[in-house]
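[1] My questions concern the predicted model and sequence given below.
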Amino acid sequence: MLSSSYDDGICYVETMNLDGETNLKLKQSLEVTSGLQADSSFQNFKTIIKCEDPNASLYTFVGTMEYEDQEYPLSPQQLLLRDSKLRNTDYIYGVVVFTGHDTKVMQNAMNPPSKRSKIEVKMDKLIYLLLFSLVVVSSIGSVVFGILSSDDLQDGKVKRWYLKPDDSSIYYDPRRAAVAAILHFLTAIMLYSYFIPISLYVSIEIVKVLQSIFINQDIQMYHEESNKPARARTSNLNEELGQVATILSDKTGTLTCNSMEFIKCSIAGTAYGHGFTEVERAIARRKGSLLIENEQSKENHEQAKPAIKGYNFDDARIINGNWVYEPRSDIIQMFFRLLAICHTAIPEVDEETGKISYEAESPDEAAFVIAARELGFEFYQRTQTSISIHELDPVSCKHVEKSYKLLNVLEFNSSRKRMSVVVQDDEGKLLLLSKGADSVMFERLGKGGRGFENKTKEQMLEYADAGLRTLVLAYRRLDEEEYKSFNKRFMAATNSVTTDRDEKIEEAADSIERNLILLGATAVEDKLQNGVPECIDKLAQAGIKIWVLTGDKMETAINIGFACSLLRQGMKQIIITLDGPEIIHLEKDGNKEAIAKVSRDSVLYQINEGKKLLSSSNTESFALVIDGRSLAYALEDDAKNLFLQLAVGCASVICCRSSPKQKALVTRLVKAGSGKVTLAIGDGANDVGMLQEADIGVGISGAEGMQAVMASDIAISQFRFLERLLLVHGHWCYRRISLMICYFFYKNLTFGLTLFLYEAYSSFSGQPAYDDWYMSLYNVIFTSLPAIALGVFDQDVSARFCLKFPMLYQEGVQNLLFSWLQILSWLFSGVCNGVMIFFFCTSALQHRAFRKGGEAVGLEVLGATMYTCVIWVVNCQMALSISYFTLIQHMFIWGGIALWYLFLLAYGAITPTLSTSAFMVFVEGLASAPSYWIITLFVVIATLLPFFIYLAIQMRFFPMHHNMIQWMRFDGHADDPEYCQVVRQRSVRPTTVGVSARVDATVSQLARKVHDVVHSPP
């Protein structure tokens, strides 16, 4: 940027599509070009810009501009990135540096991958296994058939002449046994194809579409304010929702509303403000406190009071001008005056209503200005050199206009962690007003400015525990000489064109930000979306790890971590950053190779130190916080595995200042390194790469456009809906799909094995045991509908218990229901059932009179009897496997069996030219024979009895999580705290983050204190 519509060359941009932030960012051109305000100014404009190569880093830029024979340093402050939007600025003039794929946003773009669930991939492997088995079985049958055919000649005659079709010259020809064996192999491949459940793929697609409809129609995931339901944009990944091990979340607009609220403050050692944060509400609910009820009654009492965005402060001692009656009203006046002056916000006046709104660089800065306005210090005008406010006069109790000359602005940055302004009031007095983090502000207090330091620190700890973001406010009066000395030094540093310009500015600012007088501290809530702490708590109890990947500064990200209970007091933080003095010194020299080497070594050292700290303690919880610059080196090939090991060992991981590409790379690292299912959730265009890279991408349809939603697999409108999406729908879908696939393989193996055994029984003659229509309709009508009903309606436990016992979700994370052991057990059951059905039926019917005339059983009777037993067994097996019966399931299971008998009647009534051997087989052959009904009953009971006994023993003596909950519900102990605690103790690992962990840690600390007091010597 060369210049803008503002005289000093500033402009405001919105970077929502880049970092998710909706607050405006201030950019400023070089002073030497800020005067170029018209098109004609560029008629003879010539400059040479030298800059770094195209790269993906959004927050760095190194370059120089040669203009009028002088070189000027360029920084990110002059760079306007593609996909950012110009706001509150009429126009700008600029020079294009990068275009097309060289731009930083395109450098961060990634190609969308094709996604398939892990269960589908495993199912494919199982299909390959069965296909291989089919080839092996067919080969064995063909070899045996060839051997038998070659031995079929006896004295020049064919012994098995009855097997050879009339119109065949090769098949069953003992003189050409090899050719006959090859032809038999092709016959066997077609005959045994029922081992492969081809209809499974169609059934799964039907089930997944219906599951997606249930997700879309869930009223519990409908957001009334925005009129947006949940929407499954793809049905391929439903079962993956039940196997998520790691959630990678954006912060702004995802965990938070990107809306700060001024809620409490500490002034002169006195705490003001009675509001409650989301964290406090969650802790109160956990403890069963009356906090919620009291707050609701107060809210009902004040329903007429309109809500003010950014302001949620309530204290009768301060509001409505009552602060003038407080003992330290002079300090209170200076406190709110500082809030009204020390900022870079711009006021905007609505011409119709006259109301003033503010455009600020950050939401918390806007919240401070709004709070000052509501409490009697209204900021209403800003020029390049002055700030004007309407201030409540404590003497007259009337608002008076006051104007302060703005002399210097000492801007906030991540290393300074504070902001200050130097102003001159209408009496000519010079004031330094400063606000910043407690880590840098308390050390800058003068001896006479620490009067209530200890009380302020105590109250700030309480605020931090409640998830509030705190800033310390302080000031000092300046004399003329001191200011002149500082201003001379500061202006010289500002106008410097050397590489250490920023260092000189910081040294000049640091020299005057000393001997401050403490006023107090602010506490703002980075307004979390409703239910975020409770949702994170439930997800943590379910054993899901949560990473936060954000473009925010480290301090902001840590504060949000506390607010949403990812971090808590007492949790050790492992912070990896590149703000060390050695690296800062190298950056002044500008040696890129040396900077890269030292930075890489520093990150590796910090990661190894973190791993040592992690291994030194088995009882403490750790949180990993890493900034974007360090993350770039941590993601390199030689460090990424170490970084992943460290991160996996920590309870929480927060990646700050992450670019969109870094978010995607971290997601890829976690997905590939852990081998578990990852879910990414975000709401902005800067989250698209992360959503596409994760196994499941969840887009939040919030205020930052629809780009994240369009790139996502599932769209929801609030983060809290993730709890129900995963713990309820995810668990159900995983269980349903897993059981459905296993059942499909089981029923096809049972059916196919009877065909193979009959083949062996008939010397591999190629004669099928069943009529062609029987075989064709087996998967289409008689057994597929119950499996589809299982995949759509089955529930091991209700939604209420899924949410009450989150550890149930670990069945999916550990893949207990679709492990190879589980799959092989179903296949083994299919083999056993097929063998038992065949041998029971053949043994019972062979060489015995079946009718009154003494006729023996023919193939048509044996085939129909075996088929009847197969239909009964596989459908009753389904009935034993179902946990939750609905009318539809009853209709499909028992209706499928009834449909078989109706089909026998209808098919047998058709002319023999069409029904062939099945003509009247049921009416004349089966129904009238008592042995048919006795054999069916005996075979079904004998075949299913082992499975029934196994289920009974497993549920009673070796119960899984859902079995325990089912028994507890059956016994009527679902609401008994003791029984519930027993089930919760089966959790996979102790919960280390979330509201529950915060409460447990507090209880443990109190218990230790009581123990120390009791056992301490008198």
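    Cool, the structure landed.
[2] Surely residue 517 is in a strand?
    Yes. Counting by DSSP: H, G, I helix; E, B strand; the rest coil, residue 517 is found in a strand.
[3] any idea how far it lies from residue 663?
    43 Å (C-beta to C-beta, to the nearest Å). Quick note: C-beta positions are derived from backbone N, CA and C, even for glycine.
[4] the more surrounded of those two?
    residue 663 (31 against 17; other C-beta atoms under 10 Å).
[5] Quick one: residues contacting the closest residue to that one other than its chain neighbours.
    Leaving aside its sequence neighbours, residue 663 sits nearest to residue 690 (C-beta to C-beta, 6 or more residues apart in numbering; 4.1 Å). Residue 690 makes contacts with 248, 250, 549, 660, 663-664, 666-667, 680, 682, 697, as judged by C-beta atoms under 8 Å, 6 or more residues apart in numbering.
[6] Mind checking which of these are buried?
    248, 250, 549, 660, 663-664, 666-667, 680, 682, 697 (16 or more other C-beta atoms under 10 Å).
[7] and the closest residue to residue 259 other than its chain neighbours, backbone torsions?
    Distance criterion C-beta to C-beta, 6+ apart; nearest residue to residue 259, sequence neighbours excluded, is residue 527 at 4.4 Å. Main-chain dihedrals, residue 527, degrees, to the nearest 10: phi -50, psi 110.
[8] Determine the set of other helices and strands touching the strand or helix carrying residue 773.
    Using DSSP states H and E, residue 773 sits within helix 772-777. Contacts defined by 3 or more C-beta pairs under 8 Å, 6 or more residues apart in numbering; DSSP states H and E place helix 772-777 against helix 859-881.
[9] how about a cut-off of 10 Å?
    Under the contact criterion of 3 or more C-beta pairs under 10 Å, 6 or more residues apart in numbering; DSSP states H and E, helix 772-777 touches helix 731-761, helix 859-881, helix 887-909.
[10] right, so these: which one is the most enclosed?
    helix 731-761 (a mean of 24; mean count of other C-beta atoms under 10 Å).
[11] Please list all residues in contact with the residue nearest to residue 604 when sequence neighbours are not counted.
    Once flanking residues are discounted, residue 604 sits nearest to residue 639: 5.6 Å by C-beta to C-beta, 6+ apart. Residue 639 sits next to 600, 603-604, 607-608, 630, 633 when contact means C-beta atoms under 10 Å, 6 or more residues apart in numbering.
[12] Let's see which of those end up in helices.
    Using DSSP state H, the subset of those located in helices is 600, 603-604, 607-608, 630, 633.
[13] Restricted to buried residues, select these in PyMOL.
    If you want just the buried ones from these in PyMOL, going by 16+ other C-beta under 10 Å, the selection is:
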select buried, resi 600+603+604+607+630+633
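[14] Turn the buried ones among the contacts of residue 690 into JSON lines, including distance to residue 436, pLDDT and secondary structure.
    Formatted as JSON lines, the buried ones among the contacts of residue 690 follow (distance: C-beta to C-beta, whole Å; pLDDT from 0 to 100; DSSP: H, G, I helix; E, B strand; the rest coil):
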{"residue": "248", "distance to residue 436": "31", "pLDDT": "93", "secondary structure": "strand"}
{"residue": "250", "distance to residue 436": "26", "pLDDT": "88", "secondary structure": "coil"}
{"residue": "549", "distance to residue 436": "26", "pLDDT": "90", "secondary structure": "strand"}
{"residue": "660", "distance to residue 436": "29", "pLDDT": "81", "secondary structure": "helix"}
{"residue": "663", "distance to residue 436": "29", "pLDDT": "89", "secondary structure": "helix"}
{"residue": "664", "distance to residue 436": "34", "pLDDT": "88", "secondary structure": "helix"}
{"residue": "666", "distance to residue 436": "30", "pLDDT": "92", "secondary structure": "helix"}
{"residue": "667", "distance to residue 436": "34", "pLDDT": "92", "secondary structure": "helix"}
{"residue": "680", "distance to residue 436": "34", "pLDDT": "94", "secondary structure": "strand"}
{"residue": "682", "distance to residue 436": "30", "pLDDT": "89", "secondary structure": "strand"}
{"residue": "697", "distance to residue 436": "38", "pLDDT": "92", "secondary structure": "strand"}
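[15] Show me which pair in the residues you listed is furthest apart.
    The distance between the two most remote of the buried ones among the contacts of residue 690 (C-beta to C-beta) is 14.2 Å, for 666 and 697.
[16] in the stretch 401-550 of the chain, which spans are helices?
    438-441, 453-465, 480-494, 501-512, 532-541 (DSSP state H, counting those that start in this stretch).
[17] Hmm, I typed the wrong one, I wanted the stretch 201-350 of the chain.
    278-287, 291-301, 329-341.
[18] ok, of those helices, where does mean pLDDT dip lowest?
    Comparing mean pLDDT across these, the weakest is helix 291-301, with a mean of 45.
[19] quick one on the thing from earlier: name the surrounding residues that touch the helix holding residue 773.
    Residues contacting helix 772-777 (C-beta under 10 Å, 6+ apart): 191, 193-194, 751-752, 755, 768-771, 782-784, 863-864, 866-867, 870-871, 899-900, 903-904, 907, 914-916, 918.
[20] State the distance from residue 82 to residue 322.
    51 Å.
[21] count of residues packed around residue 524?
    Residue 524 - counted by other C-beta under 10 Å - has 28 other residues nearby.
[22] Neighbours of the nearest residue to residue 608 once chain neighbours are set aside, how many?
    Among residues not flanking residue 608 along the chain, residue 642 sits closest, at 7.0 Å (C-beta to C-beta, 6+ apart). For residue 642, the count of nearby residues is 16 (other C-beta under 10 Å).
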